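Colleague: what follows is a predicted structure for the sequence shown.
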Amino acid sequence: MSLRLENLRRRREFLIAQAAAQRSEVSYVAGQLKKRLRLLDIGLAIVATLRLHPLLTMASTSLLLPSPRNKLVLWTSRLFTVWELFSVIRARWPRRQNE
């Protein structure tokens, strides 16, 4: 019985050490991923903000377009009209029901 208990004790120590090593490795990998995914997270936050504020999107887009003033106003109004139409269609489009 003593030999069995000794084997169990050694096995437990081995498993505890193995779990600590795995935790350390997972922590290292998660730290590396966190650094890389930070930029993606910032980009997604910007996209979410732009989706909530279409006028801000139109204004920032119009500032980036290198065109004369009259064309700039024309394209901004066209883009805003397209956005409004898209919003109305999206709101009225039937949603799928998960079965």
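Modeller: Sure thing, it's come through. Residues are numbered from 1 along each chain as shown.

Colleague: how far does the helix or strand hosting R11 sit from the chain's center?
Modeller: Per DSSP states H and E, R11 falls inside helix 2-52. In terms of Cα atoms, centre = their mean, to the nearest Å, the centre of helix 2-52 is set 20 Å apart from its chain centre.

Colleague: what helices and strands are in contact with that helix?
Modeller: Packed against helix 2-52 by the contact rule (3 or more Cβ pairs under 8 Å, 6 or more residues apart in numbering; DSSP states H and E) you find helix 54-64. Using the backbone N, CA and C atoms, a C-beta is placed for each residue, glycine as well.

Colleague: show me the chain divided up by domain.
Modeller: The record's domain split for the chain, according to automatic domain parsing, is 1-52, 54-93.

Colleague: what comes up buried for the last one?
Modeller: By 16 or more other Cβ atoms under 10 Å, the buried positions in domain 54-93 come out as T57, M58, S62, T76, L79, F80.

Colleague: got the contact list for the last one?
Modeller: The neighbours of F80, taking Cβ atoms under 8 Å, 6 or more residues apart in numbering as the test, are P54, L55, M58.

Colleague: V88: which of those is nearest?
Modeller: P54 (12.4 Å; Cβ to Cβ).

Colleague: and after the helix or strand bottoming out on mean pLDDT in the chain, which helix or strand comes next?
Modeller: In the chain, the helix or strand scored least confidently by mean pLDDT, DSSP states H and E is helix 54-64, which has a mean of 74. Using DSSP H and E, the helix or strand that directly follows helix 54-64 along the chain is helix 69-92.

Colleague: tell me how far that following helix lies from the chain's centre.
Modeller: So, by Cα atoms, centre = their mean, the centroid of helix 69-92 is 26 Å from its chain's centroid.

Colleague: could you give the angle of that helix to helix 54-64?
Modeller: Interaxial angle, helix 69-92 versus helix 54-64 (axes from the mean of the first three to the mean of the last three Cα atoms, to 10 degrees): 150 degrees.
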